[in-house]
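Q: pasted the sequence and its predicted model underneath.
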Amino acid sequence: MIDSNNTLVSIVTINYYSENDILECYKSIYSKTGCRFELILVSNSPIESTFEASLKSQGIDAIIIETGENLGFAKACNIGAKKSSGELLFFLNPDTRFLNDVIDELIKCYNKYQSVGIIGPRTFNENGISIPSIKNQFSATYLFHLMFPPIRLFISSDKISGHTLPDQTQEVSVINGHAMFISTDLFKNLGGMEERFFMYWEENDLCKRVQKAKLSIVYCHDARCTHIGGTSTSKFFYDMEVVKHKSQLEFVKIHYSNLLLLNRIAGIIGYSWRALFSIFLLRVKKVKQFWTLFKWYLFSYK
């Protein structure tokens, strides 16, 4: 049982030219949070000279660690976790905003469920509309769905790896990586985040390892935050699409090595016809996106 009045929570945030977002994120944490917490910022980019002064002017205290290079998300999270003092870790994206006392609600959820491993909050977009913040785990069915989308008509949605939106607190397969709540001891016992993932799929891997340890992943419907999404990666969209699929490949190598060939075939088939269909619909951005992925699966997959 966790005492929310006495337990220290370490909130770890990774920066990549996102100081403005981080400042707004921190302000929302200070305005909504009642329990004890510390802020740890690991920066993969040079910190703007005015940033620390902005924090001080708002009365915000944060531990700032500059890596000197872009180490990626997983490695930076591990650095932040090693510097933490809390019994609980909350990995939080810069583009999130608390809408209520998120940490208190997550602790309530933590105390309610036995053998809990990771907890994630309910998420809203900038317009206040609830958006999916969990997803199903990777599977062969997902790959067949990538190649032949009409298969969705013949199987249940929980067999397809995609985002879903539960209407109540419940155990789930994967929590989105923008907000992950886990005990420090468990995180350390698991060896932290897998650093083979530069960005993306690290939450799938962490959730998979938690489940292998016979612990549950829980979606907390009462903890509410806004997630804007893509604020630090949108200008590198096509490059990050490739990074995303490289991470998917690493995930398959680690957990589903028997699906390596099918993963490649699904990528080639699925993105080739998507590119052609997008040409027909004159969707220029989608053509470039799908053609980039088709070429990667065809020529660079290894």
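A: Done, it's in.
Q: contact partners for residue 60?
A: 23, 26, 27, 30, 39 (Cβ atoms under 8 Å, 6 or more residues apart in numbering). The C-beta positions use only the backbone N, C-alpha and C, and glycine is treated the same way.
Q: please read the previous query as pertaining to residue 67.
A: 42, 43, 44, 76, 79.
Q: any idea how far it lies from residue 82?
A: 12 Å (Cβ to Cβ, to the nearest Å).
Q: likewise residue 39?
A: Counting by Cβ to Cβ - residue 39 and residue 82 are separated by 16 Å.
Q: residue 206 now?
A: Applying Cβ to Cβ, the value for residue 206 to residue 82 is 16 Å.
Q: who has more neighbours out of those two?
A: Neighbour count, other Cβ atoms under 10 Å: between residue 206 and residue 82, residue 206 has more, with 28 against 11.
Q: report the contact partners of residue 130.
A: Residue 130 neighbours (Cβ under 8 Å, 6+ apart): 122, 123, 124, 165.
Q: what segments of the stretch 51-200 of the chain are strands?
A: Counting by DSSP state E, counting those that start in this stretch, the stretch 51-200 of the chain has these strands, from start to end: 62-66, 88-92, 96-98, 116-124, 130-131, 134-135, 163-164, 170-172, 174-175, 179-183.
Q: and the ones you listed as a markdown table, adding distance to residue 248 and mean pLDDT?
A: Converted to a markdown table, the strands of the stretch 51-200 of the chain look like this (distance: least, Cβ to Cβ, whole Å; pLDDT from 0 to 100):
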| stretch | distance to residue 248 | mean pLDDT |
| --- | --- | --- |
| strand 62-66 | 29 | 97 |
| strand 88-92 | 20 | 98 |
| strand 96-98 | 24 | 98 |
| strand 116-124 | 20 | 97 |
| strand 130-131 | 21 | 92 |
| strand 134-135 | 13 | 90 |
| strand 163-164 | 15 | 78 |
| strand 170-172 | 19 | 95 |
| strand 174-175 | 13 | 96 |
| strand 179-183 | 19 | 98 |
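Q: okay if I get those strands as CSV plus distance to residue 220?
A: As requested, the strands of the stretch 51-200 of the chain are exported to CSV (distance: least, Cβ to Cβ, whole Å):
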stretch, distance to residue 220
strand 62-66, 25
strand 88-92, 12
strand 96-98, 13
strand 116-124, 5
strand 130-131, 13
strand 134-135, 10
strand 163-164, 15
strand 170-172, 9
strand 174-175, 9
strand 179-183, 8
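Q: residue 222: which of these is closest?
A: strand 116-124 (7.3 Å; Cβ to Cβ).
Q: check the gap between residue 270 and residue 164 for me.
A: For residue 270, the distance to residue 164 - Cβ to Cβ - is 20 Å.
Q: the more surrounded of these two?
A: Comparing residue 270 with residue 164 by neighbour count (other Cβ under 10 Å), the higher total belongs to residue 270, at 21 against 16.
Q: look up which helix or strand that one falls in, please.
A: helix 260-280 (DSSP states H and E).
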